[in-house]
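Novice: sequence and predicted structure are below.
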Amino acid sequence: MVIYLRSGGKLRERLKPDVDQYTRRVEVEGTPSLNEILADLGIPDGLVAFAFAEGTFRRLDYRPSEGEIVTLQPPVSGG
Amino acid sequence: MPRSKRHTERYARQIDTPGWGAEGQKRLGASHVFVAGIGGLGCAAATYLAAAGVGKLTICDCDLLELSNLNRQVLYSTVDVGSPKAPLAAARLRALNPDIEIIPDLTEIDHANAAGLIGDATVVVDCLDNLETRVALNRAAIATRVPMVYAACSELTGHLSFLRPPDTPCLECFVSRLPPAVEPAIPGVTPATMGSLQAMEVVKYLTGIGEPLAGRLLILEGTEPRIDVIQIERDPDCPACRGLS
């Protein structure tokens, strides 16, 4: 199935967007978790803190469904 | 000018905001806001809280001003580098609004002292710059049952939420346990925006206007630009607020 991952900032450089400036189309087998998808893409642990999809917070054990757009968030703690 | 006339004139442009009025202004004047950290977020938040007439502001920060702070920490001047930030900020805020009480506190916030520092505050504003101290403040806000307005930023990204468990998640329900791999870049405009939004949440809560950003997380992505407000829920396994009712 196909899902879409979005991100801004430094994460975007690692995500290598191909749909637009912020979005990457990703083909996956089965229904993997975000953790598994990010590992397959070579995005190291710790660069993504959480995600959201359809207006709802998602942890990295979330399993996106076909065609879903998932936005990734880096750890943010500065002030 | 008599104090009462000065008071009326100073706040004239905000009292007419629907739902604010003399009563809302009175509530602001009777409130005590604890501002944890007076860096980029804190400079913006504390400025607008002082200007709005919050009666008592505690400004807690143990750091000395560094030259690299000045891209975003707009309460300070170049000649202030090397001095402790809390008294500098307090002096600037007193000059802005001499009719309120501003207490600088140089204590380094930790798990042992955070609840005592919050004391009788009506609201806590989390303007800190590191996860460890944020966690200490979160635990103290839970223990004292004082609502906390959280914000954090990195690059052109900002997060904001109004936290009051058990009605909402606490910080540790949704914030990653992972600190950023490197010290983040923080252009001044990001904490200026997010600190101003923190002040708005505090003012709304204290005056009773509108509804707080409770159970929701505002995410600013300045690069696109885009603002999302997403639903967040309590984590039943949260180490900080599990079992709280």
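Specialist: Arrived safely, thanks for sending.
Novice: how many neighbours does residue 64 have?
Specialist: Using chain A here. By the measure other CB atoms under 10 Å in any protein chain shown, the count of residues near A:P64 is 23. (Each C-beta comes from the backbone N, C-alpha and C, glycine too.)
Novice: oops, chain B please
Specialist: As a burial measure, the neighbour count of B:L64 was computed by other CB under 10 Å and equals 14.
Novice: please report phi then psi for whatever residue of chain A ends up closest to chain B.
Specialist: Using CB to the nearest CB, the single residue of chain A nearest to chain B is A:A49, 3.4 Å away. Summarising the backbone geometry of A:A49 under the convention degrees, to the nearest 10, its torsions are phi -90, psi -40.
Novice: what sits closest to it if chain neighbours are left out?
Specialist: In this structure, A:A49 finds its nearest non-sequential neighbour in B:S176, 3.4 Å apart by CB to CB, 6 or more residues apart in numbering or on different chains.
Novice: show me what contacts that neighbour?
Specialist: Contacts here follow CB atoms under 8 Å, 6 or more residues apart in numbering or on different chains; on that basis B:S176 touches A:A49, A:F50, A:P75.
Novice: equivalent analysis for B:A185, please.
Specialist: Taking CB under 8 Å, 6+ apart as the criterion, B:A185 is in contact with B:S154, B:E155.
Novice: cool, and the one 3 residues further on?
Specialist: Each residue near B:G188 by CB under 8 Å, 6+ apart is listed here: B:G40, B:N71, B:R72, B:V74.
Novice: state the distance from the closest residue to the second one other than its chain neighbours to B:V175.
Specialist: Right, B:N71. Residue nearest to B:N71 in three dimensions, not counting chain neighbours: B:G188, with 5.0 Å by CB to CB, 6+ apart. Noted for B:G188: a distance of 23 Å to B:V175, by CB to CB, to the nearest Å.
Novice: shaky segments in the chain?
Specialist: Defaulting to chain A. Filtered on pLDDT under 70, chain A yields no residues whatsoever.
Novice: wait, chain B
Specialist: For chain B, the stretches with pLDDT under 70 are B:177-181.
Novice: which part of it gets nearest to chain A, residue-wise?
Specialist: Minimum separation of chain B from chain A (CB to the nearest CB) falls at B:S176, amounting to 3.4 Å.
Novice: now the contacts of B:S176 in a markdown table, with neighbour count?
Specialist: Putting these into a markdown table (neighbours: other CB atoms under 10 Å in any protein chain shown) gives the following:
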| residue | neighbour count |
| --- | --- |
| A:A49 | 22 |
| A:F50 | 22 |
| A:P75 | 21 |
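Novice: then the strand or helix carrying B:A50 to CSV, C-alphas only?
Specialist: Following DSSP states H and E, one finds B:A50 within helix B:40-52. The C-alpha coordinates for helix B:40-52 follow below in CSV (Å, rounded to 0.1, in the frame of the first residue of the first chain):
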residue,chain,number,x,y,z
GLY,B,40,13.2,33.5,24.0
LEU,B,41,9.7,32.2,25.0
GLY,B,42,9.8,33.9,28.4
CYS,B,43,10.8,37.3,27.1
ALA,B,44,7.7,37.3,24.8
ALA,B,45,5.3,35.8,27.3
ALA,B,46,6.3,37.8,30.3
THR,B,47,6.3,41.1,28.3
TYR,B,48,2.7,40.6,27.2
LEU,B,49,1.6,39.4,30.7
ALA,B,50,3.1,42.4,32.3
ALA,B,51,1.7,44.7,29.8
ALA,B,52,-1.8,43.1,30.2
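Novice: alright, calling it a day.
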